[in-house]
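# based on what follows, work out the 3D shape:
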Amino acid sequence: MINFYDKAMNPLEPIEFIEITWNRKWNEAGDFTIYTIASEWNDKIKYVNIDGRPETGIVKKTVIEEKIEGTFVTIKGYFLEKLLDLVQAREDSNAFAKAADHTEWEFWVSLEIDAHVLANNVIGLTHQPRPSFLGGIHPADGSPWPDEVDLSIKQGDNIGEALRNYLLLHNMSPIIEIRKWPLASELDKWLKNPDEPHFTYLIGPKVGRDLSDKIIFGKGYENVSRVEYQYDDSDAFPYYQILQTMETTGFSNESIITDEGGNSRGRITEFYIDENNRPIDVDYYPKKVIEGNVSGIELKPANEAQIREQMRQQAKVDMLNHYKQETIVADIIQNNIYYLDDYDIGDLCSISFDEIEQTFKARIVEVNETYSKNRLELKITFGTPRKAKYIPVNI
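Predicted coordinates for the structure are as follows:
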């Protein structure tokens, strides 16, 4: 069921629509489109969600057009996760720790994400004219976080991108939900504006599962009508060199430079290579050189191991934007396995190509749901496939 809400998240009556597309995405915030006749549209609708899906959409664009057949409305918006992409870091912050170092990890990591990523940079309650998120945005209680935190955020960084890239390295993706909670007393002054409803936002990772041994898509399995494979390594960098200028000297394998003030500083180099990202069937490794931006710790020899680890982590995150693009797109038939019941976005599944006798394992990175004429059509995009053992199916 598709649900509609006003700006205060009060439920509204459903509308008759011609078509709704609900685009769920793993590597970025998703979006949606509603197409209907003008007489059906309720301009009080601000939020939309669909039963069984964790995302909430927010209306951002309305287009009214007159045609020979009548007047129609197209509504576009994005999911709440996009809100984090619209906030830049106010200051440098750093969070670096591993679960082995903390006995109550889930509680501790929530506090770290809250303090170092969200409190000042996103909410912005102190030292600013007003908060970006008036009601606050916080980690949801009981959310599963990775077993390590490695977040080095520089002033001006996109908060949503930084948090999402960190989670993607651990097969997770952020989800934001709305809660109606009373605001703290120091925020009461903004309540005087009746046109500005306020919520508390909760953020928690969605975890991708490995279902590749159980969920197999292919024409031989009678659960797809079309499968398309795409490959592009034109912007792939498998080889990174990271350079970091230190506060002093005394590091292993350092070069010595002199700054503008005549002070000697160490400059260290770290490398990161991912052979899986090498362009196919060639004998070279495209190389990218980046400047390190380690923060949150003193750049002194006593911290060298941690500094080098952060440099490598920075390369891993940058490589997410320069990974070879391998995708498989499939039109799904809900026959013997069912969307949401058996698999979901973020899950690792298998895809069988009978024509070339190949089987791939790949994660579902996008689900395009189209609702029209009392029907649901599904198109699934899988990212970065890996070859697996092909098992023929007797048809």
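
# so Ala97 makes contact with Glu148?
Yes - between Ala97 and Glu148 there is a contact under C-beta atoms under 8 Å: 6.9 Å. Backbone N, C-alpha and C define where each C-beta goes, glycine included.

# separation between the residue of the chain most remote from its centre and Glu254?
Distance from the C-alpha centroid of the chain peaks at Gly262, with 43.8 Å (C-alpha atoms, centre = their mean). Counting by C-beta to C-beta, to the nearest Å, the gap from Gly262 to Glu254 is 18 Å.

# Pro144 too?
Taking C-beta to C-beta as the measure, Pro144 and Glu254 are separated by 39 Å.

# compare the two (neighbour count), which wins?
Ranked by neighbour count (other C-beta atoms under 10 Å), Pro144 and Glu254 place Glu254 first, with 17 against 13.

# which residues touch the more buried one?
By C-beta atoms under 8 Å, 6 or more residues apart in numbering, the contact list for Glu254 reads Met246, Gly266, Arg267, Ile268.

# in PyMOL, how would I select the buried members of the residues you listed?
Selecting only the buried entries of the contacts of Glu254 in PyMOL, with 16 or more other C-beta atoms under 10 Å as the criterion:
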select buried, resi 246+266+268
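
# looking at the contacts of Glu254, which is nearest Glu16?
Of all the contacts of Glu254, Ile268 has the smallest distance to Glu16: 63.7 Å, by C-beta to C-beta.

# the closest one pairs with what?
Under the criterion DSSP bridges, Ile268 forms beta bridges with Gln244.

# what residues are up against it?
Ile268 sits next to Leu243, Gln244, Met246, Phe251, Ser252, Asn253, Glu254, Ser255, Glu304, Ile307, Arg308 when contact means C-beta under 8 Å, 6+ apart.

# in strands only, show me those residues.
Leu243, Gln244, Ser255 (DSSP state E).

# so what's the residue count around the first one?
Spelled out, it's Leu243. Per other C-beta under 10 Å, the neighbour tally for Leu243 reads 14.

# so it touches Glu291, yeah?
Yes - if you go by C-beta under 8 Å, Leu243 and Glu291 touch, sitting 5.7 Å apart.

# per-residue pLDDT of Ile380, please?
On pLDDT, Ile380 comes in at 93.

# ugh, typo on my part, it should be Asp233
For Asp233, the pLDDT comes out at 89.

# so what's Phe32 closest to, chain neighbours aside?
Gly57 (4.6 Å; C-beta to C-beta, 6 or more residues apart in numbering).

# now that neighbour: how far from Ser132?
20 Å.
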